[in-house]
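just need the structure, nothing else, for what follows:
(chains A and B)
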Amino acid sequence: MNYTKLNLLLFISLAILLNSGCGEKKNSSAKEPKEEPIITVEILDKIEAEQKPITDKLKKITPIGSEDMDTWMPGKLGNLNRVTYKTNAIPTSFTFVTIASFKSLNDSDQLDITLMDGAGHMGSITISPFLDLERITRSTSTDKGFQKTINKNGTVYFQKYNKQDDTYILQFTTNDRYLVKIETQNITEKSLWKYASQFHFNALPGI
Amino acid sequence: MKTIYILITALFLSTASSFAQIEGIFGDIIEEVQEKVGDAQQDAADTASMKEFKNEIKEILAGINGLDKYSSELKCIYLIIKLASLDQDLEVRAQNAALCKEQYDLYGMQLMVKASYTGIGYCYDSIIELLEENSERHRTPEFKQLLNEYEAVSNIVLSCLSGGIAQENLGDCIEFKGKSKLEIDFIITLGSALTTFDSFQEGMNDPYYNTSREVRDYIHTLLGFLFGHYNPVAALAQSIEIGANMSALPCK
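Next up is the predicted model:
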């Protein structure tokens, strides 16, 4: 009887020990390796210093006017019609931002563009880190989607895809002056690039 | 007229290194400038759009003190953003006005906005002092508190936007339920100053980066810009120029 009790006690103790040991192992394996940030104050300072010749010029330029933007912004992109359009959309940001939205006839496909002119004081400050997109973005790919930078015809694009919503984001700077974000829904990657090429950024005034 | 230009040039040179000197010299030249721009300002003040504009300014100034839970510094920043964005808008509209009378009225409204900076002259002392004492690398507890307060207010707007509310429909955001019209405008005005910066954060893609620090740095830069460009001294110099433009118009 005593032996039985002792065996039972030893068995329980062993079970507790094994269980706690497994738990520790489980906890340690759950810890993700700590990654270092790719964006640091030092990196941003370095980009700011390197891009100073451009941002100094931008500071002295007057942002594009609404009339010039009206002329430039297309009214149609392939089978997508422009449904909303606003220049100087956020005046209290002291940056000249233009927002436009394009939709297919049945509203299923959508493309939104946000374009900020880097001209002027706050515009030049806002655009500064994005003039070196490659340095401030991290490429990843998971079941939920991907994000990467692409170098195409001398322009660096940041592209992000969200599988769940079927949305793409394409962000880049152009003419050393404009910061552009194109967001699409229900549009293929091939069409995204096709539509993006229909905006004639080179026709916009430069620095 | 020469005297004014000399005084203003001297004032700009002296204030390039220190904002703190604004007050003293400002008082000496204000009367002379008012004489020059006063007539044009008075003529423009009688139009219907000017009356509407003056009432809007009056309403803001009357109600702002009622927003007790916000610091006086944040209330001042709101007033300056409000005036500066109006100032910028009127400048562009005046430049592009097709009709002479319309341009004249817009210049007059611009003069009213410029004059309003002197009305909130008290706002400049404490914040300019804070801006002089602080840099991005070294911030006093008092300034950190102001940046944190601003960040908290702007986060309301940013959470509305990330929740799918469009910029032009921000007033419909659930976060504003039960708030007064002025308080909603207060939050949207302060928060919207950061929305351009925020909307492009997608491209600064690093989950290990402290975006809150970036937001505070941006607010710091914005304050430096606002208080450097939209102050009573700069307004005086621009008022003379606007007054001259108005006098040169054939429809005055």
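
CA only for contacts and neighbour counts going forward, please
Will do.

could you check how many residues crowd around the residue nearest to A:L192 when sequence neighbours are not counted?
Counting by Cα to Cα, 6 or more residues apart in numbering or on different chains, A:T184 is the residue found nearest to A:L192 once chain neighbours are left out, at 7.2 Å. By other Cα atoms under 10 Å in any protein chain shown, the residues close to A:T184 number 25.

and for the one 5 residues further on?
For A:E189, the number of neighbouring residues by other Cα under 10 Å comes to 14.

can you classify the closest residue to it other than its chain neighbours as helix, strand or coil?
The shortest distance from A:E189 to any non-neighbouring residue, by Cα to Cα, 6+ apart, is to A:Y168 (7.7 Å). Using DSSP: H, G, I helix; E, B strand; the rest coil, the structure places A:Y168 in strand.

residues near the single nearest residue of chain B relative to chain A, how many?
Residue nearest to chain A within chain B: B:A193 (3.8 Å; Cα to the nearest Cα). For B:A193, the count of nearby residues is 22 (other Cα under 10 Å).

excluding its backbone neighbours, what's nearest it?
Here the residue nearest B:A193, using Cα to Cα, 6+ apart, is A:S93, at 3.8 Å.

got a list of what that neighbour touches?
A:122, B:192-196 (Cα atoms under 8 Å, 6 or more residues apart in numbering or on different chains).

A:I39 now?
Contacts of A:I39 (Cα under 8 Å, 6+ apart): A:135-136, B:206, B:209.

which phi and psi does A:I99 have?
Dihedral pair for A:I99: phi -120, psi 130, per degrees, to the nearest 10.

beta partners for it?
For A:I99, the beta-bridge partners under DSSP bridges are A:K86, A:T114.

could you do the one 4 residues further on as well?
With DSSP bridges applied, the residues forming beta bridges to A:K103 are A:N81, A:Q110.

pretty sure it is in contact with A:L77, am I right?
No. Checked against Cα atoms under 8 Å, the pair A:K103 and A:L77 is beyond contact range at 9.0 Å.

neighbour count winner among those two?
In terms of neighbours (other Cα under 10 Å), A:K103 is the more surrounded of A:K103 and A:L77; the figures are 21 against 18.

distance of the more buried one relative to chain B?
A:K103 sits at a distance of 16 Å from chain B (criterion: Cα to the nearest Cα, to the nearest Å).

need the residues of the stretch 1-150 of chain B near chain A, please.
Contact residues, the stretch 1-150 of chain B versus chain A (Cα under 8 Å from any Cα of the partner chain): B:81-82, B:85, B:89.

out of those residues, which is most surrounded?
B:I81 (25 neighbours).

returning to that earlier point: from the contacts of A:S93, which two are the most distant?
Using Cα to Cα, the pair of the contacts of A:S93 lying farthest apart is A:M122 and B:S192, separated by 13.5 Å.

quick check: mean pLDDT of stretch B:239-246?
Averaged across stretch B:239-246, pLDDT comes to 91.

so how far is that stretch off the chain centroid?
When C-alpha coordinates are averaged (Cα atoms, centre = their mean, to the nearest Å), stretch B:239-246 and its chain have centres 20 Å apart.

what does the model give the residue of chain A found nearest chain B for pLDDT?
Chain A approaches chain B most closely through A:S93 (3.8 Å), counting by Cα to the nearest Cα. We have a pLDDT of 90 for A:S93.

with A:L6 instead?
At A:L6, pLDDT is 55.

next: the one 5 residues further on.
Turning to A:F11, the model gives it a pLDDT of 53.

any idea where the strands of chain A begin and end?
Per DSSP state E, chain A carries strands over the ranges A:76-77, A:80-86, A:96-103, A:110-117, A:140-142, A:145-152, A:155-162, A:167-174, A:178-185.

excluding its backbone neighbours, what's nearest B:V215?
Per Cα to Cα, 6+ apart, closest to B:V215 is B:E151, 7.2 Å.
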